[in-house]
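*Asks:* Predicted coordinates and the sequence they were generated for:
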There are 2 protein chains.
Amino acid sequence: MQDFLYLRENNIKEIIELMLEAYTNSYSDPYEVLKKNSFGKAHHRLICAVDINPGIKVADLIKKLKITKQSLSRVLQELIKKEIISQSKGDVDGRHRLLHLTEKGKKISEEIFNTQKKRILEAFKESDSDEVLSFKKVLKKIIAE
Amino acid sequence: MQDFLYLRENNIKEIIELMLEAYTNSYSDPYEVLKKNSFGKAHHRLICAVDINPGIKVADLIKKLKITKQSLSRVLQELIKKEIISQSKGDVDGRHRLLHLTEKGKKISEEIFNTQKKRILEAFKESDSDEVLSFKKVLKKIIAE
DNA sequence: TTTAATAGTCAGCTTTATTGACTTATATTA
DNA sequence: TAATATAAGTCAATAAAGCTGACTATTAAA
């Protein structure tokens, strides 16, 4: 019977710690850009999620970020006031509030993204394209419930 | 000239958001176990880092978790008091404090790990072994400075 | 038209992390 | 050996991020 090395407990545990470190490193890269705009980690996570999911509704954002609506609200209202994020009423369901980055928000998100992409690009340039594809594929499967 | 799809900005951006979600999901899995022991996310991160890096010194832990020593201290002293983590003086350099999980700490870490590994195992079982190897390889490269 | 879902809000609290200013112990180097 | 640097610990004050609970307003569905 074959022993699947990659399914061994120690490998799984190592992967879990690698994910912690990869996230921690990647999301600390834009520290200066965020500070310049008086934003914290909570703003960063929110901007990132709205950027890649334009038109996302509040309920889905809460699920994605795994925070309460009260926690989200404080940060979201700040970003709306500063005209980084805009809201619109859902056309299918009028109770929904659909969130988008404003033009100003897109610029700041790009600035944040530029500091983060360096790290990823370096890693990808040292990898084969199929390795990168596998990376993304597995990442998506980890997210799926 | 070839266009490397996987190096396109939108793909990199998507990867960055996938990492956010994968980390958020993976590290919210042990919510009940942590709550039972009156531990929070900070304790979780610390236990995980010491588990996979036995004998790590305080300075390296601070670098890995990207927090200040004052932030680390509060949580670390709690875990030392509760006999989850033990300290020993470094034999090479007597100023170092080397951190280990105690037997009690190993048990709790296993309990935490068991809730996290399910998600990873499911993802890995649906993947080929070379995809998992690529995943780990790229993850490590993202961490590297 | 009653009920359910979505979003927003107010208040009070806990947890996590920060800055800045120190102390103690050990190691290095001049 | 004496001066300096490094690693860790500590005290105090503050900020950032998150939570629970109790509500209101709006819109959709039964």
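*Replies:* Received, thanks.

*Asks:* from here on, contacts and neighbour counts on C-alpha atoms
*Replies:* Will do.

*Asks:* Near whatever residue of chain A ends up closest to DNA strand D, how many other residues are there?
*Replies:* Closest to DNA strand D within chain A is A:Gly40: 3.0 Å, counting by C-alpha to the nearest atom of the strand. Burial of A:Gly40 is recorded as 12 neighbouring residues (other C-alpha atoms under 10 Å in any protein chain shown).

*Asks:* any residue of stretch A:32-48 up close to DNA strand C?
*Replies:* No: shown here: stretch A:32-48 not in contact with DNA strand C (C-alpha under 7 Å from any atom of the strand), separated by at least 9.5 Å.

*Asks:* Does that stretch reach chain B?
*Replies:* Yes: interface with chain B: stretch A:32-48 contributes A:45, A:48 (C-alpha under 8 Å from any C-alpha of the partner chain).

*Asks:* hey, C-alpha coordinates of that stretch in PDB?
*Replies:* Coordinates of each C-alpha in stretch A:32-48 appear next as PDB, following Å, rounded to 0.1, in the frame of the first residue of the first chain:
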ATOM      1  CA  GLU A  32       3.600  52.400   4.600                       C
ATOM      2  CA  VAL A  33       1.000  53.000   2.000                       C
ATOM      3  CA  LEU A  34      -1.800  52.200   4.500                       C
ATOM      4  CA  LYS A  35      -0.200  54.300   7.200                       C
ATOM      5  CA  LYS A  36       0.000  57.300   4.800                       C
ATOM      6  CA  ASN A  37      -3.700  57.000   4.300                       C
ATOM      7  CA  SER A  38      -4.500  56.400   8.000                       C
ATOM      8  CA  PHE A  39      -5.700  52.900   7.200                       C
ATOM      9  CA  GLY A  40      -5.200  49.700   9.200                       C
ATOM     10  CA  LYS A  41      -5.400  46.000   8.500                       C
ATOM     11  CA  ALA A  42      -9.200  46.000   8.600                       C
ATOM     12  CA  HIS A  43      -9.400  48.700   5.900                       C
ATOM     13  CA  HIS A  44      -6.900  46.700   3.800                       C
ATOM     14  CA  ARG A  45      -8.800  43.500   4.000                       C
ATOM     15  CA  LEU A  46     -12.000  45.300   3.000                       C
ATOM     16  CA  ILE A  47     -10.500  47.200   0.100                       C
ATOM     17  CA  CYS A  48      -8.900  44.000  -1.200                       C
END
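
*Asks:* can you list contacts of it?
*Replies:* Contacts with stretch A:32-48, where a contact means C-alpha atoms under 8 Å, 6 or more residues apart in numbering or on different chains, come from A:65, A:75-76, A:79, A:85, A:101, A:105, A:109, A:111-112, B:17, B:20.

*Asks:* how about low-confidence regions in chain A?
*Replies:* Within chain A, the stretches with pLDDT under 70 are A:1-3.

*Asks:* near DNA strand D, which residues of chain A?
*Replies:* Checking chain A against DNA strand D by C-alpha under 7 Å from any atom of the strand, the hits are A:38-43, A:66-72, A:91-95.
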